[in-house]
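**Student:** Got a predicted structure plus its sequence, pasted below:
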Amino acid sequence: MPVMKTPGVYIVEKNAFPNSVVEVATAVPAFVGYTEFASDGGKPLTNKPFRISSLAEFERYFGGAPPAKFKIAVAAAAVEPDFKVKDAKGVETGYSLTLAKETRQFRLYYAMRHFFQNQGGACWIVSVGGYGTAAAPGDIDGEQLTKGIDQLELEQEPTMLVIPDAVELKQADCIKLQQDMLSHCGGKMKNRFAILDIWGGFEGRPDGQPITEFRGKLGVNNLMFGAAYYPWVRTRLVQETSLSYLDFSGVDFDKILHDMPDSFKAVLTDAKNTPAEWTTAAKTEKAEDAEDWVLSRQEQTQKALYQGSATFQTILSLAARKLNLMPPSAAMAGLYTMVDNSRGVWKAPANVSINNAVEPAVSISHDDQERLNVDPQGKSINAIRSFIGEGVLVWGARTLDGNSLDWRYVNVRRTMIMLEESCKLAAKAMVFEPNVAGTWLTIKSMIQNFLTGIWRRGGLMGAVPDDAFSVHCGLGETMTPEDVLEGILRVTVLVAMVRPAEFIEITFQQQMPKS
């Protein structure tokens, strides 16, 4: 009310409506890992959280796929070979070969492709280094990844944390990094959720070593702020035609490409040459652009090898198969986003199919999943299963705190995070307001209106709003006179959370005919 000292007309405006609570975003994952580069128009982005919304933006600021380097070796007597070399007539030559990656696989780029293919949206990227700038060239450093997590402490928007490169560490280092992820989400921030992969989750059985060691070594802290998925999935992210003969070392083409027709064998000489040797040849021939000349020769060699040798095609197919074996965390982040956008964060992200997944790396039966879903120590692991006619489905919705009646389900934990953060941000407007009945009524009505909207959308249980939630604030109700003197305003909110129908029982019995 203005001070009126001069005769006249004074206008007084009053707010007709109370402040409102705005629902925060629920599906904004943060990815930490290695990238080809990290630059925004020359400005370095290494160890700086950066928001993107598409794969095109990722490639613009962080580059493309990592180099695929494989080593072909003659299989030892006690080693199961990857393939046996045959001649042009299909007769085995006696050469049994193995195919192995030369370095650990940088997984973030392909993880991002899988994320967006599963309807992922806006996300944050923390690049901790390039493909050749880790502790050793082509290596992955757990400490660098942990420092990348720390950079996210100043960002408010991310609600999930995913590190696909974690599984490329040694098992002990992978577990330590996953503990750091849980500590960040549940200990420091308390407003985000970690999606974990099982180290070695492409092999073994549901009750085998990878699962047993994961449960035994992960610890018990902040388990309600994370979920784990098993097994890995085989995808179509990498096509064999995208690989080159230059991606393989340790190979003597003269010895293994016995099936190549004579008309193609002249190309073997080119296959042995290095780009440096070709560059010298190009300069000798006075080629105008030595680099383009080299690329042309590489393309010709690749085409001849692929068309002329079934063995070479087999090598490419096996290499692509190894690269296409993916941990599922990035795809799950995309599915979380899809379910949140289509149904709401209170819908469990399960009974949905994974796009671009051929099959799970390990087949899981109904009985196998019992040991994954329910565990005496409570560390539930969500299964990824293949069903006839339905594809590859996510068949579990539990957090790692599977024995907790409060935080057993992923959607319950994530919904509560959304409610807490939304109310917290809205209540900041009331800080330093008088701690009186008017303020208490404003906060109470503000939260009630917000929760009513959530209930109407199906986010809370109850036939009427009074059954779904209640908000309490006031002297003698949530506060004592001492609280008021100390400047403390306490609000208590009770909510009836939506839980998934995880087990459906249908009872049949016979009855007497009625006519």
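**Tutor:** Done, it's in. No experiment lies behind these values; they were computed from the predicted model shown. Numbers count the residues shown, from 1 in each chain.

**Student:** average pLDDT across stretch 423-442?
**Tutor:** On average, the pLDDT along stretch 423-442 is 93.

**Student:** can you give me how far it is from the chain middle?
**Tutor:** Offset of stretch 423-442 from its chain centre (C-alpha atoms, centre = their mean, to the nearest Å): 37 Å.

**Student:** Could you pull out the strands in the stretch 201-350 of the chain for me?
**Tutor:** Under the criterion DSSP state E, counting those that start in this stretch, the stretch 201-350 of the chain carries strands at the ranges 226-230, 233-235, 248-249, 325-326.

**Student:** highest average neighbour count across these?
**Tutor:** Mean neighbour count, computed with mean count of other C-beta atoms under 10 Å, is highest for strand 226-230 among the strands of the stretch 201-350 of the chain, reaching a mean of 27. C-beta: built from backbone N, CA, C; applies to glycine.

**Student:** what packs against that strand?
**Tutor:** Applying 3 or more C-beta pairs under 8 Å, 6 or more residues apart in numbering; DSSP states H and E, we find strand 226-230 packed against helix 171-182, strand 193-197, helix 209-217, helix 329-342, strand 382-387.

**Student:** Which of these has the highest mean neighbour count?
**Tutor:** strand 193-197 (a mean of 27).

**Student:** can you state the direction angle for that strand and strand 226-230?
**Tutor:** Counting by axes from the mean of the first three to the mean of the last three C-alpha atoms, to 10 degrees, strand 193-197 lies at 20 degrees to strand 226-230.

**Student:** Of all the strand elements in this structure, which one is longest?
**Tutor:** When the chain is parsed with DSSP state E, its longest strand is strand 92-101.

**Student:** and that strand, C-alpha only, in CSV?
**Tutor:** Extracted as CSV, the C-alpha positions of strand 92-101 are listed here (Å, rounded to 0.1, in the frame of the first residue of the first chain):
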residue,chain,number,x,y,z
GLU,A,92,39.9,-76.2,-44.8
THR,A,93,43.5,-75.1,-45.1
GLY,A,94,44.6,-75.9,-41.6
TYR,A,95,44.7,-72.3,-40.4
SER,A,96,42.6,-71.6,-37.3
LEU,A,97,42.5,-68.0,-36.3
THR,A,98,41.3,-65.9,-33.5
LEU,A,99,40.0,-62.3,-33.6
ALA,A,100,40.5,-60.0,-30.6
LYS,A,101,40.3,-56.2,-30.0
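
**Student:** moving C-terminal of that strand, what's the next helix or strand?
**Tutor:** Using DSSP states H and E, the next helix or strand after strand 92-101 towards the C-terminus is helix 108-117.

**Student:** Name the residues that touch that next one?
**Tutor:** Residues from elsewhere that reach helix 108-117 (C-beta atoms under 8 Å, 6 or more residues apart in numbering): 29, 31, 33-36, 54-55, 58, 62-66, 123, 162, 164-165, 235, 237-238, 323, 326-327, 329-331, 333-334, 355-356.

**Student:** which of the helices and strands packed on strand 226-230 has the lowest average pLDDT?
**Tutor:** Mean pLDDT across the helices and strands packed on strand 226-230 is lowest at helix 209-217; the value there is a mean of 92.

**Student:** which helices and strands does that one pack with?
**Tutor:** Counting by 3+ C-beta pairs under 8 Å, 6+ apart, helix 209-217 packs on helix 171-182, strand 226-230.

**Student:** mind checking pLDDT for residue 246?
**Tutor:** Value for residue 246, per-residue pLDDT: 80.

**Student:** For it, give its distance to residue 4.
**Tutor:** Taking C-beta to C-beta, to the nearest Å as the measure, residue 246 falls 86 Å from residue 4.

**Student:** which regions of this structure sit below the pLDDT cut-off?
**Tutor:** 1, 18, 87-89, 93, 133-138, 251-288, 290, 293 (pLDDT under 70).

**Student:** Nearest to residue 43, out of the helices and strands packed on strand 226-230?
**Tutor:** Residue 43 lies closest to helix 329-342 among the helices and strands packed on strand 226-230, at 26.2 Å (C-beta to C-beta).

**Student:** Report the angle between that closest one and strand 193-197.
**Tutor:** For helix 329-342 against strand 193-197, the angle by the same axes, to 10 degrees is 140 degrees.

**Student:** just how off-centre is helix 329-342 within its chain?
**Tutor:** In terms of C-alpha atoms, centre = their mean, the centre of helix 329-342 is found 9 Å from the chain centre.

**Student:** What's the first helix or strand after that helix?
**Tutor:** Next helix or strand after helix 329-342 toward the C-terminus (DSSP H and E): strand 357-360.

**Student:** which strands and helices sit next to that following strand?
**Tutor:** Against strand 357-360 (3+ C-beta pairs under 8 Å, 6+ apart) you get strand 233-235, strand 382-387, strand 391-395.

**Student:** out of those, nearest to residue 510?
**Tutor:** Between residue 510 and the helices and strands packed on strand 357-360, the tightest spacing by C-beta to C-beta is seen for strand 382-387, at 30.5 Å.

**Student:** What strands flank that closest one, and is each parallel or antiparallel?
**Tutor:** Strand 382-387 has its sheet partners listed here by DSSP bridges as strand 226-230 (parallel), strand 391-395 (antiparallel).

**Student:** re the thing from before, okay, the helices and strands packed on strand 226-230 in CSV with distance to residue 291 next?
**Tutor:** CSV is the format used below for those (distance: least, C-beta to C-beta, whole Å):
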stretch, distance to residue 291
helix 171-182, 40
strand 193-197, 39
helix 209-217, 45
helix 329-342, 35
strand 382-387, 44
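
**Student:** and the end-to-end length of stretch 346-359?
**Tutor:** The straight-line separation of the ends of stretch 346-359 (C-alpha to C-alpha, to the nearest Å) is 28 Å.

**Student:** my bad, stretch 392-401
**Tutor:** Start-to-end span of stretch 392-401 (C-alpha to C-alpha) is 25 Å.

**Student:** Looking at the helices and strands packed on helix 209-217, which is nearest to residue 384?
**Tutor:** Evaluated over the helices and strands packed on helix 209-217, closeness to residue 384 peaks at strand 226-230, with 5.9 Å, by C-beta to C-beta.
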